[in-house]
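Asks: I would like the atomic coordinates for the input below:
(2 chains)
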Amino acid sequence: SAVISQKPSRDICQRGTSLTIQCQVDSQVTMMFWYRQQPGQSLTLIATANQGSEATYESGFVIDKFPISRPNLTFSTLTVSNMSPEDSSIYLCSVNPTGQGNTEAFFGQGTRLTVV
Amino acid sequence: GDSVTQMEGPVTLSEEAFLTINCTYTATGYPSLFWYVQYPGEGLQLLLKATKADDKGSNKGFEATYRKETTSFHLEKGSVQVSDSAVYFCALSDSGGYQKVTFGTGTKLQVIP
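Replies: Below is the predicted model:
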């Protein structure tokens, strides 16, 4: 299993500013995943973060808007840049400690972001 | 690419009613299938899973069977409780090393006493 700590749990931000979300895992993992869950919607993968290389972004997401850091095997950050009200969502960090797709993924509690 | 389609919600049931939430998928290869649950105010957690055709996942009275011929993984429970009120997500994952999880849109279940 894995225990994931995400900070902050929630924030209200002014448009045009940036917010950095931190994700700490209690074990070393190769890949960390960042998701967005817009109000009333499902989870959409933003990017996959590998330690020591640039993150891989899904279609519709770009590094300038969502820069990601992965300095070691237990930690990652996601920054939401130049925010607008459309960025109001829950952002979740996820890992799969076994490294296999047929096993459980674990999720942080999420960061509830409101942009005003 | 991979995709998951699940029934629209919200679903409102009386306590002890039978529950079915439909889920179908499109994927290349042989994905693993999951149901995740998100209780109010809590994070996402695994409810059950199945990793190959005809496998049945079960937990807390919920069941789902991996049907390759119909590409389905419907969630069922014989008698729901108020405590089952939550959002349920059907999901799939490549069984190989990439670990990317594709989620359905989620179905909100409300159980009333």
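Asks: residue B:54 against residue B:65, yeah?
Replies: Yes - Residue B:54 lies in contact with residue B:65 (CB atoms under 8 Å); the separation is 7.0 Å. Backbone N, C-alpha and C define where each C-beta goes, glycine included.
Asks: more neighbours: which of these two?
Replies: The neighbour count for residue B:54 versus residue B:65, taken as other CB atoms under 10 Å in any protein chain shown, is higher for residue B:65 (17 against 10).
Asks: what's the neighbour count on the closest residue to the more buried one other than its chain neighbours?
Replies: Spatial nearest neighbour of residue B:65, excluding adjacent residues (CB to CB, 6 or more residues apart in numbering or on different chains): residue B:56 at 4.7 Å. By other CB under 10 Å, 10 other residues sit near residue B:56.
Asks: got a list of what residue B:56 touches?
Replies: Contacts for residue B:56 (CB atoms under 8 Å, 6 or more residues apart in numbering or on different chains) come out as B:50, B:63-66.
Asks: these: which two are farthest apart?
Replies: B:63 and B:66 (11.2 Å; CB to CB).
Asks: need the overlap of contacts for these two.
Replies: B:56-57.
Asks: these two: who's more crowded?
Replies: For residue B:63 versus residue B:66, the count of surrounding residues by other CB under 10 Å is larger for residue B:66: 21 against 17.
Asks: let me know whether the more buried one touches residue B:55 as I believe.
Replies: Yes - Residue B:66 lies in contact with residue B:55 (CB under 8 Å); the separation is 4.8 Å.
Asks: which outside residues touch the lowest-mean-pLDDT helix or strand in chain A?
Replies: Ranked by mean pLDDT, DSSP states H and E, the weakest helix or strand in chain A is strand A:106-107, scoring a mean of 90. Applying CB under 8 Å, 6+ apart, the contact partners of strand A:106-107 are A:1-4, A:35, A:92-97, B:43-45.
Asks: got the residues of chain B near chain A?
Replies: B:31-32, B:34, B:42-46, B:49, B:51, B:89, B:93-106 (CB under 8 Å from any CB of the partner chain).
Asks: filter those to the buried ones?
Replies: Among the residues of chain B next to chain A, those that count as buried by neighbour count (16 or more other CB atoms under 10 Å in any protein chain shown) are B:31-32, B:34, B:43-44, B:46, B:49, B:51, B:89, B:93-95, B:99-106.
Asks: find the centremost residue of the chain, please.
Replies: Answering for chain A, as no chain was given. Nearest to the mean C-alpha position of chain A, by CA atoms, centre = their mean, lies residue A:34 at 3.1 Å.
Asks: chain B was what I was after
Replies: Nearest to chain B centroid, counting by CA atoms, centre = their mean: residue B:35, 3.2 Å.
Asks: list the contacts for the closest residue to it other than its chain neighbours?
Replies: Excluding the flanking residues, the one nearest residue B:35 by CB to CB, 6+ apart is residue B:47, at 4.4 Å. When contacts are counted by CB under 8 Å, 6+ apart, residue B:47 touches B:34-37, B:59-60, B:62, B:75, B:88.
Asks: try 6 Å
Replies: Residues near residue B:47 by CB atoms under 6 Å, 6 or more residues apart in numbering or on different chains: B:35, B:37, B:59, B:62.
Asks: any idea how far residue A:1 is from the last one?
Replies: Between residue B:62 and residue A:1 the distance is 20 Å, computed by CB to CB, to the nearest Å.
Asks: of the two, who's got more company?
Replies: residue B:62 (20 against 8).
Asks: ok, that one touching residue B:76?
Replies: No - counting by CB atoms under 6 Å, residue B:62 does not reach residue B:76; the two are 7.0 Å apart.
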